[in-house]
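Peer 1: return atomic coordinates for the entry below.
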Amino acid sequence: MVGVVVNAVDDHLAKSEQLRLSWTVGQFQHLDALLYEAHVAQRAVVVTSDHGYVLEAGSKRLAGRMEERWRPYDDHLAAEELVFEGPRVQQVTGVDRIIAPWSEAVRYSQKKQGYHGGATPQEVLVPLAVLVPQHRTIPNWEALSDRAPAWWSQGELPRIDVSTLSARPTRRARQATALQGTLFAEAEGDSTEELRIDWIEHLLRSPVFAAQRHAAGRCAPDDQCVRVLLATLETHQDRLAHRALEQGLGAPAFRLRGILAGVQRLLNVDGYQVLLVDDISGTIALNRQLLNMQFQLEDV
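Peer 2: As a prediction, this is how the structure comes out:
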């Protein structure tokens, strides 16, 4: 048996947020060589971890000490915290009783890319995978098929009908109508679909977008294409895999690259990454907060 510790995740999460890694096999030094040697020797590989992490995603800092996700016990307990005690707590921390957060939304340390030490499922559930070379088996073991969760590739997308993405009345017109109707007229008339498309129409009509389209010239896709792309991203929390977006737009991979480059010329004002296309991870992400600032849509 050969055991190897790869501490790359610890090292990466302890640093700043300036780098975006792909998390492929080649990203980890020596890991590709180890897997190659295991393949040549026809050896199984067990991949696991001693703990998990909570990634930084807008967390707030609670009063604590130097530890990232636990602190010594006292009588003041926040809503996101629980008390833990026992021999294993004593063995690891040196104290009989500690307080640790059950929520990933809080931390005790300075902001980093990720933290560990708390009691969320991300931290206490440890992954375990046993890998064997292709066409090989382990006696009395049954191989599992590839069971990626639906959110991994955002599932199968229904193709959005462009005809449903028609423009809506302006905010001023809606307010004038509401004054003449009943108290709940606007609430009854606004469907989820209409609210979802509203910000897209404001974007397409904005002076900044018009200037961006003029500067891009013929290289930029038309408004209908932009409308469908943004609506598809909106449906999937502003982040989507290339493959799923190909399906949603009905465009093959070789065309999608050109479409995304054109939309980036329209949205990435002054080079700011409003629409981020990550070819390494195969994802497209829309920064709505930055988009609202660049196109002056804060009131939408």
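Peer 1: quick check: residue 242 touching residue 255?
Peer 2: No: taking contacts as CB atoms under 8 Å, residue 242 lies outside contact range of residue 255: 11.8 Å. Just so you know, the C-beta spots here come from the backbone N, C-alpha and C atoms, and that holds for glycine as well.
Peer 1: okay, the two: which has more neighbours?
Peer 2: Higher neighbour count among residue 242 and residue 255: residue 242, with 19 against 12, using other CB atoms under 10 Å.
Peer 1: what pLDDT does the model give the more buried one?
Peer 2: pLDDT, residue 242: 80.
Peer 1: ok, now the one 5 residues further on?
Peer 2: Predicted confidence (pLDDT) at residue 247: the value is 74.
Peer 1: next, the buried residues of the helix or strand that contains it.
Peer 2: Following DSSP states H and E, one finds residue 247 within helix 242-249. Applying a neighbour-count criterion of 16 or more other CB atoms under 10 Å, one finds 242, 244-249 buried in helix 242-249.
Peer 1: and that helix, how far out from the chain's middle?
Peer 2: Helix 242-249 has its C-alpha centroid displaced from the chain centroid by 17 Å (CA atoms, centre = their mean, to the nearest Å).
Peer 1: name the next helix or strand downstream of it, please.
Peer 2: Next along the chain after helix 242-249, taking DSSP H and E as the criterion, comes helix 253-267.
Peer 1: report the buried residues of that next one.
Peer 2: 256, 259-260, 262-267.
Peer 1: which one of the residues you listed sits closest to residue 99?
Peer 2: Relative to residue 99, the closest of those is residue 267; by CB to CB it sits at 44.3 Å.
Peer 1: quick one: least confident of the buried residues of helix 253-267?
Peer 2: Among these, residue 256 has the weakest pLDDT, 84.
Peer 1: and the gap between the spatially most central residue of the chain and residue 275?
Peer 2: Nearest residue to the geometric centre of the chain (CA atoms, centre = their mean): residue 239, 6.4 Å. Counting by CB to CB, to the nearest Å, the gap from residue 239 to residue 275 is 11 Å.
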